[in-house]
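Trainee: quick one, what's the 3D model for this:
(2 chains)
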Amino acid sequence: GQQVMQIPQYQHVQEGEDFTTYCNSSTTLSNIQWYKQRPGGHPVFLIQLVKSGEVKKQKRLTFQFGEAKKNSSLHITATQTTDVGTYFCAGPGGSNYKLTFGKGTLLTVNP
Amino acid sequence: DTGVSQNPRHKITKRGQNVTFRCDPISEHNRLYWYRQTLGQGPEFLTYFQNEAQLEKSRLLSDRFSAERPKGSFSTLEIQRTEQGDSAMYLCASSLGQGIYNEQFFGPGTRLTVL
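Mentor: Just a heads-up that it's a prediction; the model follows:
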């Protein structure tokens, strides 16, 4: 079945440094979603990418969907302590409805 | 609060007991999902409802697990004869279901501990 892999598993940065997490799928994806889960919280939707090569920005966050629609990345510029949490990518798991999540990248930020 | 709600938030039970969790999705959302999450892992899909119809079940969902959404609104997830391996966070999510656009809204989860 489809697998979604994320690297790195953990990333610790100093506040102000940049951060990137990468997501790779074993199959071509019709779309990819990104979620953020704060410690002790639940996943919160960030964005959905649909088009090949798509790039979307939300303030300091930049999301990219690869040309082959098999990989994606999330880049945070100048991290802040509020960015702490686990970032998950998720792709449609064999249908357009359920999601297959990666294991996530846990970001910690040292103030 | 018009978000997804789940009850109870925490459940501690002894092995072999039955437990039931409830999820109230966002009212206009026709799609409802159950996921299970363990420490250090992403949510794993369990089952999916469109309105009251259960359209997909994961192979992870053994015969001890059953889910319902009787009137296409709230949903329940029951685990019979709980085992220690069932200990996890059970997350419910809902979405409006507009074609390929499928932003899912998650509830706070029910944390199950099986002793």
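Trainee: for chain A, give me the ranges with low pLDDT.
Mentor: Across chain A, the ranges flagged by pLDDT under 70 are A:1-2, A:95-96.
Trainee: which bits of it sit near chain B?
Mentor: For chain A, the residues in contact with chain B (CB under 8 Å from any CB of the partner chain) are A:30-31, A:33, A:35, A:41-45, A:48, A:50, A:88, A:90, A:92-93, A:95-104. C-beta: built from backbone N, CA, C; applies to glycine.
Trainee: now, those residues that are in helices?
Mentor: Assignment to helices by DSSP state H places none of the residues of chain A next to chain B there.
Trainee: which of the residues you listed are buried?
Mentor: A:31, A:33, A:35, A:42-43, A:45, A:48, A:88, A:90, A:92-93, A:97-104 (16 or more other CB atoms under 10 Å in any protein chain shown).
Trainee: next one: phi and psi at the residue nearest to A:Ile32 when sequence neighbours are not counted?
Mentor: Leaving aside its chain neighbours, A:Ile32 sits nearest to A:Ser72 (4.7 Å; criterion: CB to CB, 6 or more residues apart in numbering or on different chains). Backbone torsions of A:Ser72, given as degrees, to the nearest 10, read phi -150, psi 160.
Trainee: what's the local residue count around A:Ser72?
Mentor: For A:Ser72, the neighbour count with other CB atoms under 10 Å in any protein chain shown is 27.
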